[in-house]
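Chemist: Next input, structure requested:
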Amino acid sequence: MKRAVVIPAYKVTDTIRDVVLSIPGEIDHIIVVDDHCPCLSGEEAAKLQCSRVTVLCHEQNTGVGGAVITGYKKAMELGCDIFVKIDGDGQMDPRHLDSLMAPLLSGEADYTKGNRFMDFKRLKSMPRLRLLGNSILSFLLKAASGYWNIIDPTNGYTAIHRRALEKLELDKLSKGYFFESDVLINLNIINAVVKDIDIPARYGNETSSLNIMKIMFQFPPKLLKGLLKRGFLKYFIYDFNMASVYILLGLPMFAFGLVFGTLEWLDSIMHGTAKTAGTIMLAALPIIVSFQMLLQVISIDIGSIPRRTR
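Modeler: Next up is the predicted model:
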């Protein structure tokens with residue numbers, strides 16, 4: 001199988017040469033995508049004049065996702081079967097490439113990703129703000145993507161097999177930092193098998209263009225949109241099971257109980273009158289029952305994680 005490494009390059013002039021030179025020899029193509037970098041990171045990679053290095057340049061900045069998509073398309077044109085994404089800032093150690101690609105080569109998985117959380121001692125090297133933000137987003141993305149069995153889902157050190165990549169609508173994926181998350185959501189929709197690989201991150205003196213606070217505000221609405229999209233397609237278009245029934249019954253019941261209970265509570269405060277037990281139960285019972293239904297939906301969703309059947 002032909003293998004390609006895609007490197008999105010933006011403000012990585014100081015590290016891009018070392019990253020490219022550290023890629024092992026079994027990689028057939030190294031595709032560097034200069035995402036309209038003001039520091040001309042692509043030109044720095046082109047100076048290496050290596051036959052397996054292809055440098056592509058965007059005329060305008062599209063975001064890390066847009067750069068990776070450009071690299072994926074070029075690698076497919078070159079006939080590659082395995083596509084690895086490595087950042088150009090040197091935080092992703094190429095020595096772990098074999099571990100990342102092995103499940104794809106053996107057919108065990110369709111998509112693999114690094115996991116920085118398997119060794120507690122290694123977490124000490126991760127900036128605390130990034131660790132906190134990643135932990136919160138990890139849980140939210142588990143729910144949105146349906147891959148409840150993975151950890152560190154925002155990790156950008158990934159590899160994907162052509163059989164899965166061809167099923168994704170690349171041009172419809174997020175072009176910014178939400179790219180990896182959007183890929184996971186869409187992989188679940190096509191029932192692709194995802195596997196975690198223990199790969200520690202390396203943090204040096206590089207300057208990250210990732211704004212943690214900005215991401216914390218931008219990601220939740222996108223995750224909600226991804227959850228709704230995945231839920232609709234998986235439980236109402238491609239299949240219809242008990243989770244579908246629980247959703248149809250549970251959501252209206254929960255909304256009714258919440259709205260009715262809130263209105264009755266406000267009325268009680270404004271008029272100073274106590275509500276009857278029947279009124280209280282009419283509000284509480286739908287919430288309790290619907291909450292149990294929604295918990296069952298989560299249980300069914302966890303049980304439907306895509307796995308390779310032998």
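Chemist: Strands of this structure, start to end?
Modeler: Applying DSSP state E to the chain gives strands spanning 3-9, 29-34, 53-57, 82-85, 111-115, 158-161, 194-198.
Chemist: can you put those strands in JSON lines and add mean neighbour count, mean pLDDT and distance to residue 247?
Modeler: From N, CA and C alone the C-beta is placed, and that goes for glycine too. Listed next are the strands of the chain as JSON lines, based on neighbours: other Cβ atoms under 10 Å; pLDDT from 0 to 100; distance: least, Cβ to Cβ, whole Å:
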{"stretch": "strand 3-9", "mean neighbour count": "27", "mean pLDDT": "96", "distance to residue 247": "37"}
{"stretch": "strand 29-34", "mean neighbour count": "26", "mean pLDDT": "96", "distance to residue 247": "40"}
{"stretch": "strand 53-57", "mean neighbour count": "18", "mean pLDDT": "95", "distance to residue 247": "43"}
{"stretch": "strand 82-85", "mean neighbour count": "25", "mean pLDDT": "97", "distance to residue 247": "34"}
{"stretch": "strand 111-115", "mean neighbour count": "24", "mean pLDDT": "94", "distance to residue 247": "27"}
{"stretch": "strand 158-161", "mean neighbour count": "24", "mean pLDDT": "97", "distance to residue 247": "30"}
{"stretch": "strand 194-198", "mean neighbour count": "20", "mean pLDDT": "94", "distance to residue 247": "24"}
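Chemist: where does the chain have its least confident helix or strand?
Modeler: helix 128-145 (a mean of 81; mean pLDDT, DSSP states H and E).
Chemist: Show me which positions of that helix end up buried.
Modeler: 130, 133, 134, 137, 138, 140, 141, 142, 143, 144, 145 (16 or more other Cβ atoms under 10 Å).
Chemist: so who does the spatially most central residue of the chain touch?
Modeler: Nearest to the geometric centre of the chain sits residue 181, at 2.0 Å (Cα atoms, centre = their mean). Listed by Cβ atoms under 8 Å, 6 or more residues apart in numbering, the contact set of residue 181 reads 137, 141, 144, 145, 153, 154, 174, 219, 222, 223, 226.
Chemist: Try it again at 10 Å.
Modeler: Taking Cβ atoms under 10 Å, 6 or more residues apart in numbering as the criterion, residue 181 is in contact with 65, 137, 140-141, 144-145, 153-154, 173-174, 219, 222-223, 226.
Chemist: Now distance to residue 89 too, for those, in CSV please.
Modeler: Output for the contacts of residue 181, formatted as CSV (distance: Cβ to Cβ, whole Å):
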residue, distance to residue 89
65, 16
137, 20
140, 25
141, 22
144, 26
145, 25
153, 20
154, 16
173, 22
174, 20
219, 21
222, 24
223, 25
226, 26
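Chemist: before we move on, back to that, for residue 93, find the nearest of the strands of the chain.
Modeler: Taking Cβ to Cβ, strand 111-115 is the member of those nearest to residue 93, at 9.4 Å.
Chemist: quick one, that closest one and strand 194-198 angle?
Modeler: Going by axes from the mean of the first three to the mean of the last three Cα atoms, to 10 degrees, strand 111-115 is angled at 30 degrees with respect to strand 194-198.
Chemist: closest to residue 282 among the buried residues of helix 128-145?
Modeler: Closest to residue 282, out of all of those and judged by Cβ to Cβ, is residue 143, at 29.9 Å.
Chemist: wait, the closest one sits on residue 227?
Modeler: Yes: here residue 143 reaches residue 227: they are 6.3 Å apart, a contact under Cβ atoms under 10 Å.
Chemist: and the residue nearest to the centre of the chain, how far is that from residue 82?
Modeler: 22 Å (Cβ to Cβ, to the nearest Å).
Chemist: so how many other residues sit close to residue 229?
Modeler: Using other Cβ atoms under 10 Å, residue 229 is surrounded by 15 other residues.
Chemist: To clarify, my last question referred to residue 59.
Modeler: Look at residue 59: counted by other Cβ under 10 Å, it has 6 neighbours.
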